[in-house]
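**Q** sequence-free structure coming up:
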């Protein structure tokens, strides 16, 4: 009982502490915004997702899944989370809430999973589970990347639902296995598309093809850590890390090859080009790219009413420069890029979401990781 | 005779002086380039155009049209240039060489012309003339902007030939007459399209319409100082100055309204927005835009063989930051922007051309104006 009371009062104190932080006002091209840190007590948070209640589920890379309220209060770790390989870029990664959560209480988590056979390898896996007040139950692994591979890098891991109910899982090339991104007998460097129960949709592009894994939607990716569904076309958009230069936005279509590592706009660390091959027959050009890298994390299409001049814009969060790149779109075409919040948020931005309230939320990749709320300035 | 000898030896000395300038080597994303100033003896040059001989015609704002060779030698002013209103932004502006110059020896100049009736106003005019070794003859004014208006600003003035032989003339809104850009009874804020002899093509969009000038191709522009024909589509692309923010690239189509001043992405000098109206029914969104302004001058599509990774790219020269914005295009879509030469050229870049040799040439807007040659670094 003492322990419980203590926990409650600590939570309250933290919340008070956090909400007392002064909001910072920042001017942008079209909106003056107020930036408030709701808490800085998250330990390397990676993914977040809003529940219908307005509460957030937030992952911490070390393996904790927490409920976080907008008053800054943070729950104890939820029970029922599988063990994760918390090493280098691996750990507990994204979290998504089922589009029909109100009916089924399903949530989905992506994470680095050790080889169940005891081998040294690992891979991205995705679990579906039922959310209770205090934890996850009835966990079922609905996707397991193949092969298990010994690397601490490039797990991809963003989870998004298409309007038709299919789940897209974005993956990475595992760095030292980059050539695998061009072959279809593995999940490295792929975007995959499955049903929420883990089964394979019969209209996936490589279903029934020899030597091809049927979950694959698109290939030739490097490390796709951001994904969003376009609000009017319903199409999947992704953003992936380039080597030093060459972060790419793509609009992955079924069965298409996005070129990595045979075609890239990447620039090497001494500034020289990696390859003169930016165009390779049979591969798709990026929709948009950055050189040098901004180190993209997640992205959203803004559709709320709080920032009218940003409606329909693509907001791409980035680790480098702690920035959000706002891409003003006309149809699918980028007309303009603005760098938002560069001076204001001093940590790497790991995830971006739009709240049910129309505000924008960021989490930062730090041991004193923040949840940040962006509102219009009064 | 003494005078002639002296002139020749001064020219030779200048040329020697210029070519002795060390080339500067600059790294860019995809090419290492060598930047050489061929001369700094041009007085506020504004436009340039290559003759088939490889020699350049260069305008100076004060009213001189000169032949300039790539060894840096500069001719005396050519004869036969009409008098110009050299005031504020006005003066002798662009120069274009007829696509059939080898047969007809025609060149075209745009300039600020005083009211022939003796009024206080002025406007952009375009003269066609025959080029001789020493001057222009048989000058004929083929376009005269209406109305004559008392202003020293926003003359537009770029001249480009469409593949079908029509001449596009880009114009400005004359600043204080900006509202005229939305009405069709004047040439302010318009792109016009004429035949090289000054007559109006019968398929111009407003031919036969009441209260509309038949030369008008598109309207709702602010100050269009750059234009180029897309090498594969053959379509006109233009670039225009925004107020502080909102420089725009457009692909002007017949009869369309590009929005100025009722719709703009411009930002005011205190950083606040000018208008929340970026989208107005019946006006076309920019193809691409800059906020803040880079103060665009002219642009080219690079089609040479000296910079293979830039083939098909749009190179937009700018006054501010002495930069060239390289827009990497996929079809018409901008995939990426790189800022070139920002540290290397310390004067405002007023015009950019591709030479018959495949190198890139810049002139700078200064009393010690330079002609700059960009080559691949060895």
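**A** Nice, I can see it. Because the structure is a prediction, the values reported are computed rather than measured.

**Q** what sits opposite the residue nearest to residue A:100 when sequence neighbours are not counted in the beta ladder?
**A** Nearest residue to residue A:100, sequence neighbours excluded (Cβ to Cβ, 6 or more residues apart in numbering or on different chains): residue A:106, at 7.6 Å. (C-beta placed from N, C-alpha, C; glycine too.) Residue A:106 forms beta bridges with residue A:130, as assigned by DSSP bridges.

**Q** OK, contacts around residue A:106?
**A** Listed by Cβ atoms under 8 Å, 6 or more residues apart in numbering or on different chains, the contact partners of residue A:106 are A:97-98, A:100, A:128-131, A:196.

**Q** so stretch A:311-325, near chain B or not?
**A** No - judged by Cβ under 8 Å from any Cβ of the partner chain, stretch A:311-325 stays clear of chain B, getting no closer than 10.2 Å.

**Q** what does chain A put close to chain B?
**A** Taking Cβ under 8 Å from any Cβ as the contact definition, chain A meets chain B at A:27, A:29-30, A:245, A:265, A:267, A:271, A:273, A:276, A:278, A:285-291, A:308-309, A:328, A:330, A:333-338.

**Q** what's the helix or strand for the residue lying closest to residue A:83 once chain neighbours are set aside?
**A** Taking Cβ to Cβ, 6+ apart, and ignoring the residues beside it in sequence, residue A:83 has residue A:63 as its nearest neighbour in space, at 6.9 Å. Under the criterion of DSSP states H and E, residue A:63 resides outside all helices and strands.

**Q** just residue A:226 next, same as before
**A** In the assignment (DSSP H and E), residue A:226 maps to strand A:224-229.

**Q** by contact count, what packs against that strand?
**A** Judged by 3 or more Cβ pairs under 8 Å, 6 or more residues apart in numbering or on different chains; DSSP states H and E, strand A:224-229 is in contact with strand A:159-161, strand A:167-170, strand A:236-240, strand A:296-301, strand A:314-318.

**Q** if we use 7 Å, what do you get?
**A** Packed against strand A:224-229, as judged by 3 or more Cβ pairs under 7 Å, 6 or more residues apart in numbering or on different chains; DSSP states H and E, are the following elements: strand A:159-161, strand A:167-170, strand A:236-240, strand A:296-301.

**Q** about what we covered before: could you give me the ChimeraX syntax to select whichever of the residues of chain A next to chain B are buried?
**A** This is the ChimeraX syntax for the buried subset of the residues of chain A next to chain B, where burial follows 16 or more other Cβ atoms under 10 Å in any protein chain shown:
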select /A:29,30,245,265,267,273,278,285,286,287,288,289,290,291,309,328,333,334,335,336,337,338
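
**Q** of the residues of chain A next to chain B, which belong to strands?
**A** Counting by DSSP state E, the members of these that fall within strands are A:27, A:288-290, A:328, A:330, A:333-338.

**Q** as TSV, the residues you listed with distance to residue A:157 and pLDDT would be great.
**A** Written out in TSV, the entries for those read as follows (distance: Cβ to Cβ, whole Å; pLDDT from 0 to 100):
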residue	distance to residue A:157	pLDDT
A:27	34	91
A:288	22	98
A:289	21	97
A:290	21	96
A:328	28	98
A:330	31	97
A:333	28	97
A:334	25	98
A:335	30	98
A:336	30	98
A:337	25	98
A:338	27	97
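
**Q** can you pick out the most distant pair from the residues you listed?
**A** Looking at those by Cβ to Cβ, the two members farthest from one another are A:27 and A:289, with 27.6 Å of separation.

**Q** strands along the stretch 1-150 of chain A, start to end?
**A** For the stretch 1-150 of chain A, the strands defined by DSSP state E, counting those that start in this stretch cover A:24-27, A:32-42, A:45-50, A:56-60, A:65-68, A:92-97, A:106-114, A:122-131, A:136-144.

**Q** dump those strands to CSV, plus distance to residue B:74.
**A** Supplementary listing: these in CSV, determined by distance: least, Cβ to Cβ, whole Å:
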stretch, distance to residue B:74
strand A:24-27, 47
strand A:32-42, 51
strand A:45-50, 63
strand A:56-60, 67
strand A:65-68, 70
strand A:92-97, 64
strand A:106-114, 66
strand A:122-131, 65
strand A:136-144, 70
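
**Q** can you tell which of those strands is closest to residue B:258?
**A** Across the strands of the stretch 1-150 of chain A, closest to residue B:258 is strand A:24-27 (Cβ to Cβ), at 27.2 Å.

**Q** now do that closest one: distance to the chain's middle.
**A** The chain centroid and the centroid of strand A:24-27 are separated by 26 Å, computed with Cα atoms, centre = their mean, to the nearest Å.

**Q** over to stretch A:128-141?
**A** On the basis of Cα atoms, centre = their mean, the separation between the geometric centre of stretch A:128-141 and that of its chain is 20 Å.

**Q** with stretch A:169-183 instead?
**A** Between the mean C-alpha position of stretch A:169-183 and that of its chain there is a distance of 17 Å (Cα atoms, centre = their mean).

**Q** with stretch A:56-73 instead?
**A** Relative to its parent chain, stretch A:56-73 has a centroid offset of 15 Å by Cα atoms, centre = their mean.

**Q** swap in stretch A:164-179?
**A** Centroid separation between stretch A:164-179 and its chain, computed with Cα atoms, centre = their mean, is 12 Å.

**Q** quick check: end-to-end length of it?
**A** The first residue of stretch A:164-179 is 32 Å away from its last residue (Cα to Cα, to the nearest Å).

**Q** give me the buried positions along it.
**A** Under the neighbour-count criterion of 16+ other Cβ under 10 Å, stretch A:164-179 has A:166-175, A:177-178 buried.

**Q** same check on stretch A:251-265?
**A** Within stretch A:251-265, the residues that count as buried by 16+ other Cβ under 10 Å are A:251-252, A:256-265.

**Q** ok, now which ones touch residue A:277?
**A** Residues in contact with residue A:277, defined by Cβ atoms under 7 Å, 6 or more residues apart in numbering or on different chains, are A:262-263.

**Q** recalculate using a threshold of 6 Å.
**A** Listed by Cβ atoms under 6 Å, 6 or more residues apart in numbering or on different chains, the contact partners of residue A:277 are residue A:263.

**Q** number of nearby residues for the closest residue to residue A:358 other than its chain neighbours?
**A** Distances taken as Cβ to Cβ, 6+ apart put residue A:304 closest to residue A:358, at 3.1 Å, once the chain neighbours are dropped. Residue A:304: 16 surrounding residues under other Cβ atoms under 10 Å in any protein chain shown.

**Q** so the residue nearest to residue A:83 sits right up against residue A:82, yeah?
**A** No - at 8.5 Å, residue A:63 does not count as touching residue A:82 under the criterion of Cβ atoms under 6 Å.

**Q** rewinding a little: neighbouring strands for the strand holding residue A:226, and are they parallel or not?
**A** Paired neighbours of strand A:224-229 in the sheet (DSSP bridges): strand A:236-240 (antiparallel).
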